[in-house]
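Undergrad: dropping a prediction and its sequence here:
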Amino acid sequence: TTIRTSRDLIVLSGIAPVVRQGDGFRSTFTIRNTTERALDVRVAAAVRGVEESLPPQTFPLASGESRDFGWDLTAPAGRDNLQYRIEATAGDGTADRLAVVQKIVPAVPVRTVQATLTQLSGDYRLEVERPADSLPGAGGIDVALKPSLAGGLTGVKSFMEKYPYTCLEQSVSRAVALRDAALWDRIAAALPAYFDSQGLLKYFPSMIQGSDVLTSYVMSVAHAAGYAIPEDAGRRMVEALQGFVEGRIVRGSSLPTVDLSLRKLAAIEALSATQPVDPALLSSITIEPNLWPTSAVIDWYRILGRVPSIRSRDARLAEAAQILRTRLSYQGTTMNFSTERGDCLWWLMVSPDQNAVRLAWAILDDPGWGADVSRIVRGALARQKRGRWDTTVANAWGVLAMEKFSDLYEKTPVTGTSTASLAGATQSVDWAASPKG
């Protein structure tokens, strides 16, 4: 038996699912008469979110006829949706109703144009000014008081929450920077789709060849974040990186440049984070840290810290630390590297900001750096622009570095009251009542 049901009068939505604030547009609907008789129809609309009332419309509909109707609207500022309610009635009582929601997005999204991160130890004053080209009624001043540096990275969180791209590196970086364990679980479950035939991870499942650079990054940052890689996936990554370092797996560079030693150092650093490493893996690398970019020196420093059986390890560790120290330069509160012009190795997922935060992360548990720790952390923070670092990878390592700093140096609970004032408006935080700020 076939049963077909239909309403006598049907209203269908044809509105755009998304409009921008300030857009003028026509919201169109379709009405259909499914009966075998003609109908005189009246349609009325109420839209929550617009000030003007919409005039009702009347028109005849022949049997089986469909007709478009609609109203011209302007998307208001300050709202994130319009809620339509359409009611159609005919003289004989036939009727239909429709409710539909239309999303509104800003034509000019609110973004951070100035950001400052500071430690409060008494009175702190900062001059602020509305940008000359800003839109009225949008934006504002956000003041966040947090008991630790890790909790104060609101610019990083905002940037990574809105970050739209989804290759494996970007997804992993978002999961780490946002400390989104659920996102990491989804990534970990999908890892088998990202392996190539030799066990290296690919940026997208549809690619043919995997990348040693990506595989090293995922293994290293996941370990630093405390995120577990499934056992089988972890075994395949270890075997692939060992094969790459030993020359059994060959991957060329993305650019015509001599970077094989740098990529092998990154792979050994990732391996050393998860398991004991045989110093023989270094046999194919000429150890010349003075000639390496800063990212490679940081990798070498971490390898030396984890593999005590390396020949002359203590002397080499001291040498690597000294090289890193001599490359640091400070201009006010901002930290730079003397090698910075050559440190932007984008095809290796390396940037100067990443070097700064990775160095901070690497030295925090090394007592040999002493008073330099606070300067390096402050210098790494001062490199932020608009409240974030320059790449997704740098933001992921930056969050980990600030978490590690907080765990080691911010154990004392914050007490008392903090007050913020702006143009006569004042708000306070009682740390006893709000220990998280």
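TA: That came through fine.
Undergrad: got the contact list for Ala240?
TA: Neighbour list for Ala240: Gln198, Gly199, Leu200, Gly210, Asp212, Thr215, Ile249 [criterion: CB atoms under 8 Å, 6 or more residues apart in numbering]. From N, CA and C alone the C-beta is placed, and that goes for glycine too.
Undergrad: can you tell me which of these are in helices?
TA: Those of those mapping onto helices are Asp212, Thr215, per DSSP state H.
Undergrad: ok, and the most crowded of the contacts of Ala240?
TA: With neighbours taken as other CB atoms under 10 Å, the top of those is Thr215, carrying 28 neighbours.
Undergrad: one step back: quick check, nearest of the contacts of Ala240 to Asn395?
TA: Closest approach between these and Asn395, by CB to CB: Thr215, at 20.2 Å.
Undergrad: now that closest one: how far from Val238?
TA: Distance, Thr215 to Val238, by CB to CB, to the nearest Å: 10 Å.
Undergrad: could you do Pro205 as well?
TA: Remark: distance between Pro205 and Val238 (CB to CB) = 21 Å.
Undergrad: neighbour count: those two, which is higher?
TA: Taking other CB under 10 Å, Pro205 and Val238 do not tie; Val238 has more neighbours (18 against 11).
Undergrad: show the subsequent helix or strand relative to the host helix or strand of that one.
TA: Val238 belongs to helix 231-246 when assigned by DSSP states H and E. Downstream of helix 231-246, the first helix or strand assigned by DSSP H and E is helix 260-274.
Undergrad: what's the next secondary structure element after that following helix?
TA: helix 294-306.
Undergrad: what residues does that following helix touch?
TA: By CB under 8 Å, 6+ apart, helix 294-306 touches 261-262, 265-266, 268-269, 272-273, 277, 282, 287, 289, 292, 310, 313, 316-317, 320-321, 323-324, 327, 337, 339-340, 343, 345, 348, 350, 352, 354-355, 358-359, 362, 366.
Undergrad: same thing but 6 Å
TA: Residues outside helix 294-306 that contact it (CB atoms under 6 Å, 6 or more residues apart in numbering) are 262, 265-266, 268-269, 272, 289, 313, 316-317, 320, 323-324, 327, 337, 339, 343, 350, 355, 358-359, 362.
Undergrad: how about the next helix or strand after it: buried residues?
TA: Sequence order places helix 313-327 as the next helix or strand after helix 294-306, per DSSP H and E. Neighbour counts over helix 313-327 (16 or more other CB atoms under 10 Å) mark Arg316, Leu317, Glu319, Ala320, Ala321, Ile323, Leu324, Arg327 as buried.
Undergrad: distance to Ser374 added to those, as TSV?
TA: Converted to TSV, the buried residues of helix 313-327 look like this (distance: CB to CB, whole Å):
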residue	distance to Ser374
Arg316	26
Leu317	22
Glu319	24
Ala320	21
Ala321	17
Ile323	21
Leu324	16
Arg327	18
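Undergrad: can you redo the residues you listed as JSON lines with distance to Tyr409 and pLDDT?
TA: Putting those into JSON lines (distance: CB to CB, whole Å; pLDDT from 0 to 100) gives the following:
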{"residue": "Arg316", "distance to Tyr409": "28", "pLDDT": "94"}
{"residue": "Leu317", "distance to Tyr409": "23", "pLDDT": "94"}
{"residue": "Glu319", "distance to Tyr409": "27", "pLDDT": "95"}
{"residue": "Ala320", "distance to Tyr409": "23", "pLDDT": "95"}
{"residue": "Ala321", "distance to Tyr409": "20", "pLDDT": "94"}
{"residue": "Ile323", "distance to Tyr409": "25", "pLDDT": "95"}
{"residue": "Leu324", "distance to Tyr409": "20", "pLDDT": "95"}
{"residue": "Arg327", "distance to Tyr409": "24", "pLDDT": "94"}
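Undergrad: go through these and name the one nearest Ala225.
TA: Of all the buried residues of helix 313-327, Leu324 has the smallest distance to Ala225: 23.0 Å, by CB to CB.
Undergrad: how close does the closest residue to that closest one other than its chain neighbours sit to Arg327?
TA: Computed as CB to CB, 6 or more residues apart in numbering, the closest residue to Leu324 that is not its neighbour in sequence is Val297, at 5.9 Å. Distance, Val297 to Arg327, by CB to CB: 8 Å.
Undergrad: which one of the contacts of Ala240 is nearest Leu381?
TA: Using CB to CB, Thr215 comes nearest to Leu381 of these, at 29.6 Å.
Undergrad: that closest one contacts Leu200, correct?
TA: Yes. Using CB atoms under 6 Å, Thr215 is in contact with Leu200, at 4.9 Å.
Undergrad: what are the contacting residues of the worst-scoring helix or strand of the chain on mean pLDDT?
TA: Least confident helix or strand, the chain: strand 328-331 with a mean of 84, by mean pLDDT, DSSP states H and E. If you take CB under 6 Å, 6+ apart as the criterion, strand 328-331 is touched by Asn336.
Undergrad: now do stretch 139-159
TA: Contacts for stretch 139-159 (CB under 6 Å, 6+ apart): 110, 112, 115, 117, 177, 387-388, 395, 402-403, 405-406, 410, 414, 418, 420, 422, 429, 437.
Undergrad: ditto for stretch 204-213
TA: Contact partners of stretch 204-213, identified using CB under 6 Å, 6+ apart, comprise 167, 193-194, 196, 200-202, 244, 251, 263, 267, 348-349.
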